[in-house]
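# kindly generate the corresponding structure for this input.
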Amino acid sequence: MSETELGPEIRTEQVPAGELVFETLVCGDPASKKLALFMHGFPELAFSWRHQLPLAARLGYQAWAPNQRGYGGTTRPKPVRDYRIERLVEDAGHLIDASGCSEVLLVGHDWGGLVAWEAALRAVRPLQRLVVMNLPHPKRMREELRSNWRQKLRSLYALFFQLPWLPEWVLTRRGARAVGEAFRRMAVDKSRFPDEVLDVYRKSALQPGAMTAMLNWYRAAGRRFGEDIPETPVLEIPTLMIWGEQDTALGKELTYGTERLVRDLTIRYLPDVSHWVQQEAPERVNAILEAWLEGRTPPEG
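Down below sits the predicted model:
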């Protein structure tokens, strides 16, 4: 990722955390004791937070966006079991430790949203605030997958990802064209995903072993399907949900009832935005995020 693609205020650092080394986009004062940790989804990268990192830095945070386990230039374990949710949550904890910060804002989107939810629910480290974009509370997701046939159909792609080698072939053929098209096809405002942006994701997915590592997040989860899941506690951490309503993978109804699971919840819907909310509508997402962090009423979408 070039400086032109990221902006001059964002730098790339290699951050040892736990057993891995995370390729991390960093922005802001390294002396700050406030960490904003941004966790990306599939098939994204830390690059997906390029619009939010400078905002967090301006608000006084040391802003980090790691390429998560297996992505980009981050360490790529081979065993599928190394991509279980417990390991992903541990990564978040190790990154928080590596920052040396005493105040933590955890932000996640898509798979990164699941990591954020689970890190908060499991109390992997003390958090002051939580932000999740287009990924429902884990309990709501389980409830809808049991009863909502529309959501079951939307989630069928995850079954395809359980197959060996074939998903890798489909997603990486023709220069990983399918990876780029995942963004542009789902987006409402396709101008937010020009070729130079899609090329970042395509090139990363074509690195040796990268696509398998990315898919192993799904495979590790799929191998545990049907296991008993402990009851989740009511979350006490102040939480903001931002949701692009034109999400073709996750229905808006998955957000309903979250207020019974989170004590201090704020939700903002963006009616004309897709799943890729923070990239497709960065100005609106940033306005909501800034107001909420400053204790003001966030604008409606």
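# make it CA atoms for all contacts and neighbour counts henceforth
Noted.
# buried residues in the one helix or strand R268 maps to?
Secondary structure assignment for R268, by DSSP states H and E: strand 265-274. Judged by neighbour count (16 or more other CA atoms under 10 Å), strand 265-274 contains these buried residues: 265-270, 272-274.
# got the contact list for E23?
By CA atoms under 8 Å, 6 or more residues apart in numbering, the contact set of E23 is 12-15, 66-67, 72-74.
# at 7 Å what do you get?
Neighbouring residues of E23 by CA atoms under 7 Å, 6 or more residues apart in numbering: 12-15, 66-67, 73-74.
# residues touching the residue sitting furthest away from the middle of the chain, list them.
Summary for the chain: using CA atoms, centre = their mean, the residue whose C-alpha lies farthest from the chain's mean C-alpha position is R174, with a distance of 26.1 Å. With CA under 7 Å, 6+ apart as the criterion, no residue contacts R174.
# which element is it on?
Take DSSP H and E as the rule and R174 turns out to sit in helix 166-186.
# buried stuff in that helix?
In helix 166-186, counting by 16+ other CA under 10 Å, buried: 167-168, 171-172, 176-180, 183-184, 186.
# hang on, Q162 is in a helix, isn't it?
No - with DSSP: H, G, I helix; E, B strand; the rest coil as the criterion, Q162 is located in coil rather than a helix.
# now it: closest residue in space that isn't a chain neighbour?
The shortest distance from Q162 to any non-neighbouring residue, by CA to CA, 6 or more residues apart in numbering, is to R219 (5.2 Å).
# how close does the one you found sit to W165?
As judged by CA to CA, to the nearest Å, R219 and W165 stand 12 Å apart.
# give me the more crowded residue out of these two.
For R219 and W165, the more surrounded residue by other CA atoms under 10 Å is R219, and the numbers stand at 24 against 12.
# and the more buried one, what element?
Assigned by DSSP H and E, R219 falls within helix 210-222.
# alpha carbons of that helix, as PDB, please.
The C-alpha trace of helix 210-222 is given here as PDB (Å, rounded to 0.1, in the frame of the first residue of the first chain):
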ATOM      1  CA  ALA A 210      -3.300 -15.700   1.700                       C
ATOM      2  CA  MET A 211      -6.600 -16.800   0.300                       C
ATOM      3  CA  THR A 212      -6.500 -20.100   2.200                       C
ATOM      4  CA  ALA A 213      -5.700 -18.200   5.400                       C
ATOM      5  CA  MET A 214      -8.600 -15.900   4.800                       C
ATOM      6  CA  LEU A 215     -11.000 -18.700   4.200                       C
ATOM      7  CA  ASN A 216      -9.800 -20.600   7.200                       C
ATOM      8  CA  TRP A 217     -11.700 -18.100   9.400                       C
ATOM      9  CA  TYR A 218     -14.900 -19.600   7.900                       C
ATOM     10  CA  ARG A 219     -13.600 -23.200   8.000                       C
ATOM     11  CA  ALA A 220     -12.600 -23.000  11.700                       C
ATOM     12  CA  ALA A 221     -16.100 -21.600  12.500                       C
ATOM     13  CA  GLY A 222     -17.800 -24.200  10.300                       C
END
